[in-house]
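Peer 1: predicted model follows, preceded by the sequence.
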Amino acid sequence: MTAQQPDNQALIDALRRAYTEQRPPGEDFAAALVGATLFVPLTPEGGPVGFGDPPALHAFPDQESMIAFYAANTTAGEVPRAALVPARDLCAMSLQHHYDVAVTIPETAYRLGRGETQAVAEGVVRVDSGAVVTTDNTPIRIGRPAQDPSAECLADLRAAIADMPARVVWFWMRLGDGPAHLGLAVRPDTAELRQRVGHAIQPVWERHSPDNAVITVLPVRPPYDAHIAESGEPLEPSA
């Protein structure tokens, strides 16, 4: 096992806070993860080790977390050889090979959703406030897809937000050279409504678009508002 130790204290603290407060990890976790380098245990053949059902690749922010995990979850408690892998590369590989990533500390293991995994692979932090933060000032482009989501998908998206006091529009957007994906804007443009809409839409979109499950809820303010008004399509109940 390598003796190197990356500085992931911010990631550990964020995950520990979420566990203590019994809530999903938030912006602090996402921002720390996108720049993190993690310990990834390897099989004798050099491949990643999966645990759970469905299997997840457990990635550890420090050696202590990895030692504690193997002591609790294996008979021998022996810790295998591990590689240090940037979280962005790890998430990109997980998307390619269709396995989940679980960021693990002694208290808990947080399994990333597919949308979260894709966001980390792109180097993007999507936060509950609706802000979009990238690691390299990535430009944001807003437009329309070559082909709209299916009528069934749009109906399911409408149903997911039917009880919310919000007007939601959808569009297509691209962050830098990343893949084009679903964007949303909400009025009234409040942090609470953006969060509620994003959480309601995400699992529905993942079901209909498993190969491109990322969504971004953009704030309706410059420089986005004019492009949203031009390209956005209301996600409203059918008459």
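Peer 2: Sure thing, it's come through.

Peer 1: going by C-alpha atoms from here, please, whenever you check contacts or count neighbours.
Peer 2: Will do.

Peer 1: send the alpha carbons of stretch 69-78 over as CSV?
Peer 2: Extracted in CSV, the C-alpha atoms of stretch 69-78 (Å, rounded to 0.1, in the frame of the first residue of the first chain):
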residue,chain,number,x,y,z
PHE,A,69,-13.4,-0.3,5.8
TYR,A,70,-11.4,-3.6,5.3
ALA,A,71,-11.3,-4.3,9.0
ALA,A,72,-15.1,-4.1,9.2
ASN,A,73,-16.0,-5.7,5.9
THR,A,74,-13.6,-8.6,5.3
THR,A,75,-12.7,-11.6,7.3
ALA,A,76,-9.0,-11.2,7.2
GLY,A,77,-9.1,-7.4,7.3
GLU,A,78,-6.1,-7.3,5.0
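
Peer 1: what comes into contact with that stretch?
Peer 2: Applying Cα atoms under 8 Å, 6 or more residues apart in numbering, the external contacts of stretch 69-78 come out as 67, 79, 104, 105, 106.

Peer 1: equivalent analysis for stretch 189-202, please.
Peer 2: Stretch 189-202 has contacts (Cα under 8 Å, 6+ apart) with 115, 128-130, 157, 160-161, 164, 166, 185-186, 213-217, 219-220.

Peer 1: now that we have these, which of them are buried?
Peer 2: Buried members of the contacts of stretch 189-202, counted by 16 or more other Cα atoms under 10 Å: 115, 128-130, 157, 160-161, 166, 185-186, 213-217, 219-220.

Peer 1: so residue 171 makes contact with residue 147?
Peer 2: No: the pair residue 171 / residue 147 is not scored as a contact, 11.4 Å apart, by Cα atoms under 8 Å.
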